[in-house]
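K.L.:
my questions are about this predicted structure, shown below with the sequence.
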There are 2 protein chains.
Amino acid sequence: MQFSKFGNRLSKDSGILQLMDDLGNAVNTAADEELYMLGGGNPSHIPEVLDILQEELLHVVQDRKDFTNLVGDYDGPQGNEAFISSLCEMFQSEYGWAIDESNVAITNGSQSSFGLIFNLLAGDFKQEGNKKILLPLVPEYIGYGDVSLSDAPLFSAVKPLIEIDDAGFYKYSVNFDELTIGNNIGAVCVSRPTNPTGNVITDEEVQKLSALTKEASVPMIIDGAYGLPFPNIVFTEATPFWDEHVILCLSLSKIGLPGVRTGIVIAQPELIEKLTGANAVFSLAPGSLGPKMMTRLVQNRRLLDISNNLIQPYYQEKVKIAVNAVQQSMADLPVYIHQPEGAIFLWLWFKDLPIDSDELYKRLKAQNVLVIAGQHFFPGIEDENWAHQYECIRVSFTAEEHTLRTGIDKIGNVVRAAFAQR
Amino acid sequence: MQFSKFGNRLSKDSGILQLMDDLGNAVNTAADEELYMLGGGNPSHIPEVLDILQEELLHVVQDRKDFTNLVGDYDGPQGNEAFISSLCEMFQSEYGWAIDESNVAITNGSQSSFGLIFNLLAGDFKQEGNKKILLPLVPEYIGYGDVSLSDAPLFSAVKPLIEIDDAGFYKYSVNFDELTIGNNIGAVCVSRPTNPTGNVITDEEVQKLSALTKEASVPMIIDGAYGLPFPNIVFTEATPFWDEHVILCLSLSKIGLPGVRTGIVIAQPELIEKLTGANAVFSLAPGSLGPKMMTRLVQNRRLLDISNNLIQPYYQEKVKIAVNAVQQSMADLPVYIHQPEGAIFLWLWFKDLPIDSDELYKRLKAQNVLVIAGQHFFPGIEDENWAHQYECIRVSFTAEEHTLRTGIDKIGNVVRAAFAQR
């Protein structure tokens, strides 16, 4: 079978495909085989949250009219109107954002949002050649790497500043001295918290980026899939942010609904119109399940209550266990943990690791430990010799404690063996 | 805001966006305003079918483990494994198709299937320039018109043969004399039943197309969203068809689940791998709802039972009402009805209509009657002077009888006025 250029770009080796394949295989692994699933981005199953979500969905499915509307009618291509209205009301009254229904679109998940937004704002332009998405801080999300519909590289990135403390932690921050938004930049994008590192760019960094993008008249995309205002998996001080030039992307996945595939985009009406058109052309309409089961929880603000009082504390506890496990089992190794300020991952840097992170991934997979190799999280970095990008892995801490501790022990053993072989 | 070429192609005037916008507006129209919704492709709400679907979804949602699996886990990017396995078993045992799990992928609805497949098999090729999708029979589905990711036209089409009978019906058939599959053709595609016309290409036409495509070594895409083996909205003799070079696209929408967004593709493993990669890159994984609520109905074959004994008879009855309404209210007009052999639409041809179908659409919309203008259903036809393509409309017959009859009366009045003005 012959494939187009588009088809040939969809390689079997894409980072995101490897990740999702592992995840699918993990979910479907035979029960007798112990798997240490510290890979993918599947959130934990938090019983108290699932109680509420199950109750909401039952409420919809038991009512014949609601059920019929859930499964039996297409939503419009912008997404479910009642859900969009409830979100607008919440954003207005809770955060004072000046938005209305023309500022919000629903997609089939955050990944779809980014695929569309990046290709709308960057890639092939009629007059001006190619434009890129500028990532002010890498590592950045693995899923960004493969979405381009054009041949030219989609991303431009700036190496971060790295600050190491005495306790074995370090933190990336934006190197504003190196950051320039040229004419070839279509938008600036940052995930907050950052997937994979758990970094949360500070309010000050947000303000600076906002001022720079506003001045350059390019949109500032904030990927808030793990962040603000919901699901609020943030362990540090940080303020929800939106402004007229901001494209804020949210998701229901990390509330506990990854199988439901609901993304939310808050942006300027002209972008929302394009997303609406893209939804119509590429999927007629986004799915109804997420909107229908969550509208009431937005209206009565339980969504925020769940985020702040169930989800945030749950992962805050989890991250302590994960950090403790790394410190206990890898005390003899040159490991630095990125400050875990948010999201559901530890980002481990093994300084001077003698093998690259892809090889480490493979050796761990052979032991039934799934993590994500760090080297796929540096889109837009052109300096191939920058050793740091090959020395990191992403470790999800969503698993239950035994799996998490045993998995981390095994990572320590494999890394130790790699250093010993050198 | 500046948009890429991809962005600029997503115009507000795309036929499919107009259609989906009307549909969304219709669903959300104030209750005091009577709307004659004979537009979009929303299937009817068939009570007996909804009973079964509601029971199945309740069964999933009431069970905590099933519920958690439904909402709380990503499926793999190829789609839910249990659902895929159940489909394979059914296709093997019921139709003798030589397929296994490597031949099936799930998407976020048929529209997504087509967006991906067309761009994989046509568009921009490295060595050979541009390739096209050949439509052996137009009118063809409106949603095909806008999915192209490249600048060049995506479709090539052949004008159909038109045979009119004495009873005011007519039928399109493939003009095999004009059909050549050149080197610039990446695939051949036909919907069966055809959306918008209700045409069902005969088993003989299928065999001929199959032989031609096999000989030319290009895939033959069959869009079975309304067809075989399910939901079987077919009112004539026709056999389900699959072969090694066939890409059969099915959907759960016309079973009664349009809001659920589940598409099914049965094809060669190398295409399934590409779709899996595209799912991962553009949406991580397809939604879980359709697969989870339908797996049991595939296993126990109630899906086929529902299709053959509830859905098919329901629409068979509906189409009689619709034809009768047209014959009664338009007896004085030069109207020809395409033989309604399947799907949920009447395709009306007003011979020598003095206005084009877009203008007719607008005049009808002003009277709260929504239909679809026919001229968007001729992708790939280069002869702009072919009057026939401006003289047709698509009328859905899914509405309840009063709405349907009154709506058709109103269409008659508007068309009558247009002829009178000439």
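P.N.:
Looks like it arrived, so ask away.

K.L.:
for residue A:411, see how far away residue A:66 is.
P.N.:
46 Å (Cβ to Cβ, to the nearest Å). The C-beta positions use only the backbone N, C-alpha and C, and glycine is treated the same way.

K.L.:
compare the two (neighbour count), which wins?
P.N.:
Neighbour comparison, residue A:66 and residue A:411: the larger count goes to residue A:411, with 28 against 14 (by other Cβ atoms under 10 Å in any protein chain shown).

K.L.:
assign that one to helix, strand or coil.
P.N.:
Here residue A:411 is helix, with the state taken from DSSP: H, G, I helix; E, B strand; the rest coil.

K.L.:
what sits against it?
P.N.:
A:38, A:329-330, A:348, A:364, A:369, A:371, A:393, A:395 (Cβ atoms under 8 Å, 6 or more residues apart in numbering or on different chains).

K.L.:
show me what contacts the closest residue to residue A:374 other than its chain neighbours?
P.N.:
In this structure, residue A:374 finds its nearest non-sequential neighbour in residue A:392, 3.2 Å apart by Cβ to Cβ, 6 or more residues apart in numbering or on different chains. Neighbour list for residue A:392: A:139, A:347-350, A:357, A:374-375, A:377 [criterion: Cβ under 8 Å, 6+ apart].

K.L.:
quick one: low-confidence parts of the stretch 1-150 of chain A?
P.N.:
A:12-14, A:23-32 (pLDDT under 70).

K.L.:
and the strands in it?
P.N.:
A:36-37, A:104-107, A:123-125, A:129-135 (DSSP state E, counting those that start in this stretch).

K.L.:
of those strands, which stretch is the most buried?
P.N.:
Among these, ranked by average contacts under mean count of other Cβ atoms under 10 Å in any protein chain shown, first place goes to strand A:104-107 (a mean of 28).

K.L.:
measure how far that strand is from the centre of its chain, please.
P.N.:
Relative to its chain's centre, strand A:104-107 lies at 17 Å (Cα atoms, centre = their mean, to the nearest Å).

K.L.:
what strands line up against it, and which way round?
P.N.:
strand A:263-266 (antiparallel) (DSSP bridges).

K.L.:
next SSE after the strand it pairs with?
P.N.:
helix A:269-283 (DSSP states H and E).

K.L.:
same for that following helix, what does it pack against?
P.N.:
In terms of contacts (3 or more Cβ pairs under 8 Å, 6 or more residues apart in numbering or on different chains; DSSP states H and E), helix A:269-283 is packed against strand A:104-107, helix A:110-121, strand A:263-266, helix B:15-27, helix B:110-121.

K.L.:
need these in CSV (columns: distance to residue A:341).
P.N.:
Below are the helices and strands packed on helix A:269-283 laid out as CSV (distance: least, Cβ to Cβ, whole Å):
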stretch, distance to residue A:341
strand A:104-107, 27
helix A:110-121, 20
strand A:263-266, 23
helix B:15-27, 40
helix B:110-121, 36
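
K.L.:
of the contacts of residue A:392, which is the nearest to residue A:159?
P.N.:
residue A:139 (10.6 Å; Cβ to Cβ).

K.L.:
residue contacts, the residue lying closest to residue A:378 once chain neighbours are set aside?
P.N.:
Among residues not flanking residue A:378 along the chain, residue A:389 sits closest, at 4.4 Å (Cβ to Cβ, 6+ apart). Residues near residue A:389 by Cβ under 8 Å, 6+ apart: A:139, A:374-375, A:377-378, A:381.

K.L.:
what about residue A:179, how many neighbours?
P.N.:
Residues lying near residue A:179 (other Cβ under 10 Å) number 15.

K.L.:
before we move on, what about the one 5 residues further on?
P.N.:
Counted by other Cβ under 10 Å, the residues lying close to residue A:184 total 14.

K.L.:
separation between it and residue B:173?
P.N.:
Residue A:184 sits 53 Å away from residue B:173, taking Cβ to Cβ as the criterion.

K.L.:
and residue A:416, by the same measure?
P.N.:
On the measure of Cβ to Cβ, residue A:416 and residue B:173 end up 72 Å apart.

K.L.:
ok, now residue A:102?
P.N.:
46 Å.

K.L.:
got it, and residue A:85?
P.N.:
Here residue A:85 is placed at a distance of 49 Å from residue B:173 (Cβ to Cβ).

K.L.:
also residue A:169?
P.N.:
72 Å.

K.L.:
do the same with residue A:109
P.N.:
From residue A:109 across to residue B:173, the span is 42 Å (Cβ to Cβ).
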